[in-house]
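1. make a model of this:
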Amino acid sequence: MRRNLAARIGVWSAHHRKTAILGWLLFVVLAAGIGGASGLVEMTDSENAAGDSARAEQILDDAGLGQPAGELVMVSTAKAGDWQGAAREVSAAMGKTGEVANLAAPIPSEDGKDALITFDMKGDAATAPDRVQPVLDAVSAVRADHPDVTIHQFGEASAGKWLGDLLSEDFKKAEFTAVPLALGILLVAFGAVVAALLPVGLALTACMAAFGLLSLASHQLHLFQTTYSVMFLMGFAVGVDYCLFYLRRERDERAAGRDAETALRIAAATSGRAVLVSGLTVMVAMAGMFLSGLMLFKGFALATIIVVFIAMLGSVTVLPALLSWLGDRIDAGRVPLLNRRGSRRARTSGGLAGTVLKPVLSRPKIFAVASVVVLLALAAPALGMKTEQLGLEKQFGSDSQLSVAYRQINESFPGGPAPALVVVKADNIEAPALRKAFDGFDKVTVHKAQNVAEIEVPLPDGKAGLSELRKERLPAAFDGTGAQAYVTGEIAGSVDFNDQLERGIVPVFAFITAVTFLLMLFCFRSYVIAVTSILLNLLSVAAAYGVMVAVFQHGWGASLIGSEGVGAIEAWIPLFVLVVLFGLSMDYHVFVVSRIREARDRGLHTRAAIDEGIRRTAGAVTGAAVIMVAVFAVFGTLSMQDMQQMGVGLAVAVLLDATIVRMVLLPSVMALLGERNWRTPRGLTRLPGLEHGERETGRGTGPAEAPVGSGLRG
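-> Okay, the predicted model is just below:
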């Protein structure tokens, strides 16, 4: 018999289980230990920016003019001028901390009821959030002494500390919620404690090793601060799913009468192969993010590729070794009423899947049209999608202290919290033409030694003001001077980031669709399967986009999940969701279609093969989908708006993909296509075939070829 790669790996691991298990543990310990000692390197502002914003930040970096972390404190009173005493106390208290530089005199608002105090944090802006607490305490002390005065603080350091604390708390919440959730779901699925612990343990160790390797890699490719959260989200969900597919097939074969060795070999040859194909597809899809032109996505791509590769590796190596070692002890810790091993009738009937499939396969055209209509209806809001880099005031919710401070300061001093910064570079920054140009701006800082100037410009009109600054004011001031003038800042950065995304999404989309097509074509040797795979993925992605826009842009039902509409989708979310879902949907697609192809290769006609393949995989797909939805939904409950959008978007997409798409649309479309599903391009007929099943019984107790419908094959 010719065994495929997954089968050969599984058999080797089972026969060398001590080597496989100890090797895995050694790998995890070394990767986590060395990576933890090396530390994570985060990207700089210039690396995270795009367009003119990136050019401006790069000029400052090259000149050694890293911007200090700017802070704003607004003192407000009911009567004009009454703020003076409190403002003096705030300035004095902050000055005593020793952390404040460039402390300016209070600037009154137009109505005289508010005063704005501006200052910078001393030292490196990157470490300012770690040093801002004494300043926050000083402001809080004055606030407590003056209950009749309202004091708000907002800035890079205070917001950075808030964000850092929140990310740490959110990550702990995600970890301590997702793991018990997955464990509970697996306990229900398998009805035994050991069987439930195995996938969770492998997924967690895969994440630990990936964290270490990512920290090492960050010294070459600097990362965004939320990359670890994204890695855990992907790694844990994928790791549990891969183990679930493998373990479920092994238990099915044991329940069908196979001996332990044969059951394990069949699981390796079938589910193990599906895991390899699925993992490869996910990794290649993630690689598409390298074409975005943004370092943020390059970091996401690297993180997800590392964790998916390690999860896939563990599933096909150490898992067979553990299953071989445990044997029947895999069912240790059986839970009464939950353990259904040996319930052959339930497994062969498919339960709910069989009930759903009967009308779907009898009237495939009706169900195909109906499911497409439902998905398109869900996708409709996506036509009005707006994207932007959400500011911190939107990330934390309108009622958070930070958002209230931003809003109040911006109302009294328009453009103050988010000014534009014009960076000017010239051969001679003090040339007469440039001095004349600088006269047209209020706040100019000239760095003579570096031949660089910084100009701070408030943007009360937001994006409209930025457009005017870039297209009118700067050309009028600096054309003909020989100087380079670029605009950066929060609003400029968001606009430039969006523009780069619009340019980058085309090559990314082209890459992942082409690669998905080629992988499916080679795997199933059918261009029809390859095309339908892409179309089904696109429907899932479009529906997920529509739900995200409805909930987070328009606010429809956002309060039900403790969120709110913010008028836009975080700029990086759509591209990330597109790539992730193209990869993750292959988990189910490869697993299900492989089982259908396996049944057809045994001689069943296409409709009967669809029925058997869907029913036999329904339990594993349902369990895997429930775990993924649960893990993603946990991220939907976190504090930051972008994490909520990512979690809800992925949860909805996986839910739709595992129900409407896999249970209704896929079988109905394949039933309509019939034997056309298996059309092989002439050029592929000469390529070696990829086996979709196990054709040798070995020393199993089952017959060489089970009768159709007996449940001994699949």
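
2. report how many residues lie close to the nearest residue to residue 10 once chain neighbours are set aside.
-> Across the structure, with C-beta to C-beta, 6 or more residues apart in numbering as the measure, the residue nearest residue 10 apart from its sequence neighbours is residue 268 (2.7 Å). The C-beta positions use only the backbone N, C-alpha and C, and glycine is treated the same way. By other C-beta atoms under 10 Å, the residues close to residue 268 number 31.

3. I'd say residue 268 and residue 12 touch.
-> No: applying C-beta atoms under 8 Å, one finds residue 268 not in contact with residue 12, separated by 9.7 Å.

4. which ones are touching the closest residue in space to residue 233 that isn't next to it in sequence?
-> By the measure of C-beta to C-beta, 6+ apart, the closest residue to residue 233 outside its immediate chain neighbours is residue 635, 5.8 Å from it. For residue 635, the residues meeting the contact criterion (C-beta atoms under 8 Å, 6 or more residues apart in numbering) are 174, 229, 233, 643, 644, 646, 647, 650.

5. can you say which helix or strand has residue 198 in it?
-> Per DSSP states H and E: residue 198 is located in helix 193-217.

6. so which elements touch that helix?
-> For helix 193-217, the packing partners by 3 or more C-beta pairs under 8 Å, 6 or more residues apart in numbering; DSSP states H and E come out as helix 17-38, helix 156-190, helix 227-255, helix 295-316, helix 318-326.

7. how are the helices of the stretch 401-550 of the chain distributed by residue range?
-> For the stretch 401-550 of the chain, the helices defined by DSSP state H, counting those that start in this stretch occupy 401-412, 432-438, 463-468, 474-478, 490-524, 527-548.

8. now do the residue nearest to residue 496 when sequence neighbours are not counted: how many residues are near it, please.
-> Using C-beta to C-beta, 6+ apart and skipping the chain neighbours, the partner closest in space to residue 496 is residue 51 (3.4 Å). Taking other C-beta under 10 Å as the criterion, the count of residues near residue 51 is 20.

9. likewise the one 3 residues further on?
-> By the criterion of other C-beta under 10 Å, residue 54 has 22 neighbours.

10. work out for me the element the residue nearest to it when sequence neighbours are not counted sits within.
-> Ranked by C-beta to C-beta, 6+ apart and with sequence neighbours excluded, the top spatial neighbour of residue 54 is residue 46, at 5.6 Å. In this structure, residue 46 is located in helix 45-48 according to DSSP H and E.

11. list the buried residues of the very next helix or strand once past that helix.
-> Tracing the chain C-terminally past helix 45-48 and defining elements by DSSP H and E, one meets helix 51-62 next. Of the residues in helix 51-62, those scored as buried under the neighbour-count criterion (16 or more other C-beta atoms under 10 Å) are 51, 52, 53, 54, 55, 56, 57, 58, 59, 60.

12. so what does helix 51-62 touch, helix or strand wise?
-> Secondary-structure packing of helix 51-62 (3+ C-beta pairs under 8 Å, 6+ apart): helix 45-48, strand 420-425, strand 452-457, strand 484-488, helix 490-524.

13. least trustworthy position among the contacts of residue 635, going by pLDDT?
-> On pLDDT alone, residue 174 ranks lowest of the contacts of residue 635, at 75.

14. so the residue nearest to residue 54 sits against residue 52, correct?
-> No: counting by C-beta under 8 Å, residue 46 does not reach residue 52; the two are 11.6 Å apart.

15. quick one: list the elements packing against the helix holding residue 46.
-> For helix 45-48, the contact count by 3+ C-beta pairs under 8 Å, 6+ apart identifies helix 51-62, helix 295-316 as packing neighbours.

16. next, the contact list for the most centrally placed residue in the chain, please.
-> If you average the C-alpha coordinates of the chain and look for the closest C-alpha using C-alpha atoms, centre = their mean, you land on residue 230, 4.6 Å from that point. Residue 230 makes contact with 300, 303, 304, 576, 646, according to C-beta under 8 Å, 6+ apart.

17. pick the one among the residues you listed closest to residue 405.
-> Compare each of those with residue 405 using C-beta to C-beta and the shortest gap goes to residue 646, at 25.9 Å.

18. report all helices and strands that the one helix or strand the closest one maps to contacts.
-> Residue 646 is part of helix 641-656 when elements are defined by DSSP H and E. Secondary structure elements in contact with helix 641-656, counted by 3+ C-beta pairs under 8 Å, 6+ apart, are helix 227-255, helix 392-395, helix 527-548, strand 569-570, helix 573-601, helix 606-636.

19. mean pLDDT for the ones you listed: which is lowest?
-> Per-stretch mean pLDDT for the helices and strands packed on helix 641-656 is lowest at helix 392-395 (a mean of 76).

20. picking that back up, how about CSV for the helices and strands packed on helix 641-656, with distance to residue 285 added?
-> Compiled in CSV, those are given as follows (distance: least, C-beta to C-beta, whole Å):
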stretch, distance to residue 285
helix 227-255, 12
helix 392-395, 27
helix 527-548, 10
strand 569-570, 21
helix 573-601, 4
helix 606-636, 16
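
21. would you agree residue 600 is in contact with residue 609?
-> Yes: taking contact to mean C-beta under 8 Å, the distance of 3.9 Å between residue 600 and residue 609 places them in contact.

22. hang on, the earlier thing: and of the helices and strands packed on helix 641-656, who's closest to residue 146?
-> For residue 146, the closest of these is helix 392-395, at 24.5 Å, according to C-beta to C-beta.

23. show me what the closest one is packed against.
-> helix 156-190, helix 401-412, helix 641-656.

24. how near is the residue nearest to residue 10 to residue 261?
-> As judged by C-beta to C-beta, to the nearest Å, residue 268 and residue 261 stand 11 Å apart.
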